[in-house]
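Q: Build me a model:
(chains A and B)
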Amino acid sequence: MLQFLARRLLWFAITMFCVVTLSFFMMRAVRGGPFSNERSLDPAIERNLQAKYHLDWSLPRQYFQYVGPFNLDEHRASIFGGDGTDTFGGVLTLEFGPSFKYKDFTVDQIIGQSLPISSLLGIVAMMWALSLGISAGVASALRRGSGLDLTLRLAATGGIALPNFVIAAFLIILFVFLIPLFPVAGWGSVRHMLLPGFALGAPFAAYIARLTRTGMLEVLSQDHIRTAHAKGLAPRTVILRHALKGGLLPVVSYLGPATAGILTGSLVIEKIFYIPGLGSHFINSALNRDYTLAMGVTILFTILVYSLNTLVDLAYTLLDPRIDLDSI
Amino acid sequence: MQASPFQERLRSALPIILLAGVFAGALALARTARLEPADYVFNNGTEVATLDPARVTGVPEGRIIKALFEGLVVKHPRTLESLPGMAQSWDVSADGLKYTFHMREGATWTNDDPVTANDFVYSWERFLNPLTAAEYAYQLWYVVGAEEYSKEVDENGHPTNDFATVGINAPDAQTLVVTLKNPTPFFMDLMAFYPMFPVNRRNIEEAQERWPDNWEIKWLQPENLVTNGPYTVEYRRVNDRIRLKKNPSYWDADNVAFDTIDALAVESAGTAINMYLTGTAQLIPNVPTSLVQELMPREDFDPVPYLGTYFYRVNTTRAPFNDMRVRRALALTIDRKAICEKIVKAGQLPATALVPPGMPGYAANSMGPMNIAEAKDLLAQAGFGPGGAKFPTIEIHYNTNEAHRDIAEVVAESWRRNLGIDAKLSNQEWKVYLDAQSNLEFDVSRSAWIGDYADPNTFLDMFVTGGENNKTGWGNQDYDLLVARAAAELDPAQRMDLLHEAEEILIDEMPILPIYYYVTQNMVAPRLGGFYGNIQDEHFPKFLYWMDDEELAKKRAAQPSAWRLADDVGPSEGKYAPAFSGPIPSPSGI
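A: Numbering: from 1, shown residues only, chains lettered A, B, ... in the order given. Below you'll find the model as predicted:
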């Protein structure tokens, strides 16, 4: 197990290096800069701006300034000829720098404000997805071939096929304008979270329902379930204690990608429901050529996806002792 | 395979871990700031780039800065005349070159410093200093020595000129003297323009001392920012809101009605109108194009002409567009009526020149109506059409956006039908499009311009030879000369004539193809008082208030009866300033 974690950590370092380097140079290679605007700047003013953000430096120097750990501008360590107020800097010291677009914020501040919101939205979406998906999947499997099964499977197909903004539009028409139950947009209370959480979680709920149904059907036909029934255990106990544990294994392995999908896929939902989360920064920072914010968000998502996948691998062994981590 | 004891322990700990996770989630939920609803909520359209007056350029930033800071003057909400702000009064010398401002006694910053002429000297020095990298610095280059101060730098980027060479002086704390290079008739307009608003010196210098490293971010944080305007920042979250709170030490606080204002950053027009229709926001600055027709009869959607022009730039360095006959032929055959009536639909007027109508003192120009026969003639003279060469396919370049695409389709169809010229559409992502436009990599390219102040100069100086916003490769010495002469002209009528003459050259040679003049697209709750549609879409938040039922009824009685009434959200008893005494006076006393 420790060996497994150590190996994952090593790969993590290599992955991070590749992601940071590639995205840094890709960002800079894209046409257009952070300060271009419909109103072109006087060349003198543009030069001043470039100098202020060190964009007049050579690309390798900008890269080393960005990655760190040593600060290269005039505030660098006094032994390097600077004034020493800021010897260290860059990503290695967990400083992502100031945002180019939102000039009153550092990238750290922006992530600090929006990550909790996205996480909360993600948790709500995940709760919707798991509760709806698992109960529908179990119900389907137990009443296999019935009208209920058919209806739930149709709904699941619909949930996968319909994009979440269509679901969002339906929800808004239904629960805001026809039956005014929820606020139309914004963030701040539990009532603000339910509609966007549902819209975001719906496709995942549908997929989870399918996985649960398949997993449950497979488990229900196995010997230990028959034994449990034969022992005279109540059907509820058999399903909750014995069948679900095995039936949910496919769902568990799907949780990693699902969480990553919910976090990175929240852009549209955040836009429709006006939620100040991370999803919009993921796209907008690239469109705005906000170099530092785009890099910060990319790095953050790399960390999240990587650690979530590792967690899922760990959880897998907890549910199924037959799996040996050190052999993966 | 036996599970290791560690795994066993982990397995039994799993429920606890999960529980802790949910608990942490619930905690985060409880921590979400619960703000009381604001007195007035408006959509600002996007997240602002910064609150630093010196470093902003956009309209959304302007809306916030006008609430936080106050310049020498503010503008009357209806007539747009200059009203005293930080300056109590002002004199202009006979030659129009010297402005003397007498500062208001008793005006203070939120840190209790008095607002003096020295604050303006400090703020404008900072604004012009190349190290500040102010994008709008050129707006003060009308002042003697200012342009040189901004442009002449040593190898470290520091200005080489002393600020004493710039014509901005404070002989005493109550007097500010500004000396201009040329008489600049719109100079008072600039004084009400947000980049010219002052900042507090102690605010910045203390931040520089405490956080030498990132003071530029720190001094603007809500807990540090010092303001002199009607509001202060209470709370701020990226892409969410800026909560403004009334500043009790503002000199005119008795005439400020709202205690709190929320500025939202909703980018999606659909979401914004949903919020407006459910009463969550009471003013939104634009609406989805697809709904314009349906909204037009409503009392709360009343577009008025706006100081902006939508046009196409033509690349005059490329054949055949280097021939002005070709450019004129293209301009003469665009079906502008179809664009205004079928696509934008909010009452925009077809544009036949660059400067929009409604500019005070300026007679609008026109290149004349659509004329297919003349266009065909011109093309034939240029060697195209029957008996001549085949006209190459034109590429219409625009940034990816549905409305721009629809307009480009009408333009392409106009040229195909009227002149037999093929045009294809080419869209690019915003920043790539900007880069391509600056580098003249296009045939014709979608453009727009919103005036900074109500004077034709803000449009016409764009196309002087080599200007950074020219982006057509066009240049004409006579045009340059006329624009320069107008800048030095003292007599206002004479000056307008010179500018008019310059515009005639422009529409004669047609480096641009005008399409339509803008209108404002504000959707405003009927109860919102102190808000008047105007050509600059300029609204100082200090004048806003809620009408009570009586005033609302009076207003409705006076408006066209065909208008469809909207929900009257807002407090029925109104929300007036403590010293409310009827409509805002006109500045006749100055």
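Q: make it CA atoms for all contacts and neighbour counts henceforth
A: OK.
Q: check contacts around the closest residue in space to B:L425 that isn't next to it in sequence.
A: Closest residue to B:L425 apart from its sequence neighbours, by C-alpha to C-alpha, 6 or more residues apart in numbering or on different chains: B:I396 at 4.9 Å. Applying C-alpha atoms under 8 Å, 6 or more residues apart in numbering or on different chains to B:I396 gives the contacts B:408, B:412, B:423-426, B:442-446.
Q: let's see it at 6 Å
A: For B:I396, the contacting residues are B:425-426, B:444-445, by C-alpha atoms under 6 Å, 6 or more residues apart in numbering or on different chains.
Q: out of these, which are inside strands?
A: The members of the contacts of B:I396 that map onto strands under DSSP state E are B:425-426, B:444-445.
Q: is it fair to say B:A170 lies in a strand?
A: Yes - with DSSP: H, G, I helix; E, B strand; the rest coil as the criterion, B:A170 is part of a strand.
Q: which residues in the stretch 1-150 of chain A form helices?
A: Remark: helices assigned in the stretch 1-150 of chain A by DSSP state H, counting those that start in this stretch are A:2-29, A:43-52, A:59-67, A:107-142, A:147-161.
Q: Out of those helices, which is the most enclosed?
A: Of all these, helix A:107-142 carries the top mean neighbour count, a mean of 21, counting by mean count of other C-alpha atoms under 10 Å in any protein chain shown.
Q: what inclination does that one have with respect to helix A:147-161?
A: 150 degrees (axes from the mean of the first three to the mean of the last three C-alpha atoms, to 10 degrees).
Q: could you point out which element follows the helix or strand hosting A:A199?
A: Secondary structure from DSSP states H and E places A:A199 in helix A:190-220. Elements were assigned by DSSP H and E; along the chain past helix A:190-220, the next helix or strand is helix A:223-230.
Q: Now do the helix or strand that that following helix is followed by: distance to the chain's middle.
A: As assigned by DSSP H and E, the chain's next helix or strand after helix A:223-230 is helix A:235-237. Its chain's C-alpha centre and that of helix A:235-237 lie 36 Å apart, by C-alpha atoms, centre = their mean, to the nearest Å.
Q: Report all helices and strands that the helix holding A:A199 contacts.
A: helix A:107-142, helix A:147-161, helix A:164-172, helix A:244-247 (3 or more C-alpha pairs under 6 Å, 6 or more residues apart in numbering or on different chains; DSSP states H and E).
Q: For chain B, tell me whether the last one is touching it.
A: Just to be clear, that refers to helix A:244-247. No - Helix A:244-247 does not reach chain B (C-alpha under 6 Å from any C-alpha of the partner chain); its nearest approach is 12.9 Å.
Q: show me what contacts B:M275?
A: B:A281.
Q: same thing with B:Y312?
A: Residues counted as contacts of B:Y312 (C-alpha under 6 Å, 6+ apart) are B:445-447, B:512-513.
Q: can you do 7 Å?
A: Counting by C-alpha atoms under 7 Å, 6 or more residues apart in numbering or on different chains, B:Y312 touches B:444-447, B:512-514.
Q: helix, strand or coil for it?
A: Per three-state DSSP, B:Y312 ends up strand.
Q: For the closest residue to A:A136 other than its chain neighbours, give me the pLDDT.
A: Excluding the flanking residues, the one nearest A:A136 by C-alpha to C-alpha, 6+ apart is A:A209, at 5.7 Å. With respect to pLDDT, A:A209 scores 92.
Q: how close does A:A209 sit to chain B?
A: For A:A209, the distance to chain B (C-alpha to the nearest C-alpha, to the nearest Å) stands at 21 Å.
Q: what's the distance between that residue and A:A168?
A: 20 Å (C-alpha to C-alpha, to the nearest Å).
Q: The two: which is more packed in?
A: With neighbours defined as other C-alpha atoms under 10 Å in any protein chain shown, A:A209 and A:A168 compare such that A:A209 has more, 31 against 22.
Q: Would you mark the buried spots in stretch A:31-39?
A: Across stretch A:31-39, burial judged by 16 or more other C-alpha atoms under 10 Å in any protein chain shown covers A:32-36, A:38.
Q: Show the end-to-end separation of that stretch, please.
A: Stretch A:31-39 end-to-end distance (C-alpha to C-alpha) = 17 Å.
Q: Same question for stretch B:361-377.
A: Its first and final residues considered, stretch B:361-377 spans 36 Å by C-alpha to C-alpha.
Q: Report the distance from it to the chain centre.
A: Using C-alpha atoms, centre = their mean, the offset of stretch B:361-377 from its chain centre is 29 Å.
Q: average pLDDT for that stretch?
A: Stretch B:361-377 comes out at a mean pLDDT of 91.
Q: Could you list the residues in contact with it?
A: B:329, B:332-333, B:352-353, B:357, B:418-419, B:496, B:507.
Q: go on, stretch A:150-160?
A: A:136, A:140, A:202-203, A:206-207, A:209.
Q: Chain B next: which of the buried residues of stretch A:31-39 are close?
A: A:32, A:36, A:38 (C-alpha under 7 Å from any C-alpha of the partner chain).
Q: Of the contacts of stretch B:361-377, which is the nearest to B:K555?
A: Nearest to B:K555 out of the contacts of stretch B:361-377 is B:P357 (C-alpha to C-alpha; 27.8 Å).
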